[in-house]
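Novice: no FASTA, just this:
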């Protein structure tokens, strides 16, 4: 069996599981999207997927890596949406805004200010997901739940170049019950400030089933496809 077939079949397996969970939980499968995380995939692996399957969007966390991969002969002709999923340094905001369709990791007013200025310079709107912090780990980025209301109000008031399109969060390390509890909190915040047309990005390869059960509509899948 060729590797490209393995990658395509791995993607199909995730898709089938998503359909199964949506059916079981009476959710509309057409409203759930898979963000294929390609940051650890090679150009060849990405080509093997994109040449065989149509995907909603790909997720990358490094600007230089993204530009190198998607300007290569293998990938330059694929028109696929790109979501930035990593910590965004302000000195790279302009280039990221230029090369990505959505930023999944808006986590500070300083970053919002910089993105707003760059969006106005580029005559475009910066589409962003607010990054919510669901763990006490110091290395984990994002806003604490209690910070969210004021942050959203300030962004909407001060930064017209930014459009908040939902929120993203990474599960805490722990039991399935702890992960489910954290995802429930994220869903409650989402329901307070966003609509069904926005993105609630919860769940990765190891926990997307719980995320879907708790209302995620944008799961981030990498290793389940490429490993």
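Specialist: Nice, thanks for sending it over. Computed from a predicted structure; not experimentally measured.
Novice: for residue 71, give its distance to residue 177.
Specialist: 45 Å (C-beta to C-beta, to the nearest Å). From N, CA and C alone the C-beta is placed, and that goes for glycine too.
Novice: and the closest residue to residue 172 other than its chain neighbours, how many neighbours?
Specialist: Take residue 172 and drop its neighbours on the chain: the residue closest to it by C-beta to C-beta, 6 or more residues apart in numbering is residue 135, 4.0 Å away. Around residue 135 there are 16 other residues, counting by other C-beta atoms under 10 Å.
Novice: give the helix, strand or coil label for residue 127.
Specialist: strand (DSSP: H, G, I helix; E, B strand; the rest coil).
Novice: hmm, residue 106 and it touching each other?
Specialist: No. If you go by C-beta atoms under 8 Å, residue 127 and residue 106 don't touch, sitting 9.9 Å apart.
Novice: out of the two, which sits in the busier spot?
Specialist: residue 106 (25 against 20).
Novice: what residues are bridge-paired with the more buried one?
Specialist: Per DSSP bridges, the residues bridged to residue 106 are residue 130.
Novice: now for it: which residues touch it?
Specialist: Residues in contact with residue 106 (C-beta atoms under 8 Å, 6 or more residues apart in numbering) are 88, 112, 115, 128, 129, 130, 131, 155, 162, 164.
Novice: what about those residues, which one has the most neighbours?
Specialist: Among the contacts of residue 106, residue 128 has the most neighbours (other C-beta under 10 Å), with 28 neighbours.
Novice: tell me the pLDDT of that residue.
Specialist: If you check residue 128, the pLDDT there is 98.
Novice: helix or strand next in line after the lengthiest helix in the chain, which one?
Specialist: Longest helix in the chain by number of residues (criterion: DSSP state H): helix 3-24. Next in sequence after helix 3-24, counting helices and strands by DSSP states H and E, comes strand 33-37.
Novice: show me what that following strand is packed against.
Specialist: helix 3-24, strand 57-60, strand 218-221 (3 or more C-beta pairs under 8 Å, 6 or more residues apart in numbering; DSSP states H and E).
Novice: what pairs with it, parallel or antiparallel?
Specialist: strand 57-60 (parallel), strand 218-221 (parallel).
Novice: chain center to the lowest-mean-pLDDT helix or strand in the chain: distance?
Specialist: Least confident helix or strand of the chain, by mean pLDDT, DSSP states H and E, is helix 3-24 with a mean of 92. Put simply, helix 3-24 sits 18 Å off its chain's centre (C-alpha atoms, centre = their mean, to the nearest Å).
Novice: quick one: end-to-end distance for stretch 210-219.
Specialist: 11 Å (C-alpha to C-alpha, to the nearest Å).
Novice: returning to that earlier point: so which of the strands paired with strand 33-37 is nearest residue 17?
Specialist: The closest of these to residue 17 is strand 218-221. By C-beta to C-beta, the value is 10.0 Å.
Novice: excluding chain neighbours, what is closest to residue 180?
Specialist: Using C-beta to C-beta, 6+ apart, the closest residue to residue 180 is residue 210 (5.3 Å).
Novice: pretty sure that neighbour is in a strand, no?
Specialist: No. Residue 210 is assigned helix when assessed by three-state DSSP, not a strand.
Novice: show the contacting residues for it.
Specialist: Contacts of residue 210 (C-beta under 8 Å, 6+ apart): 171, 176, 179, 180, 183, 203.
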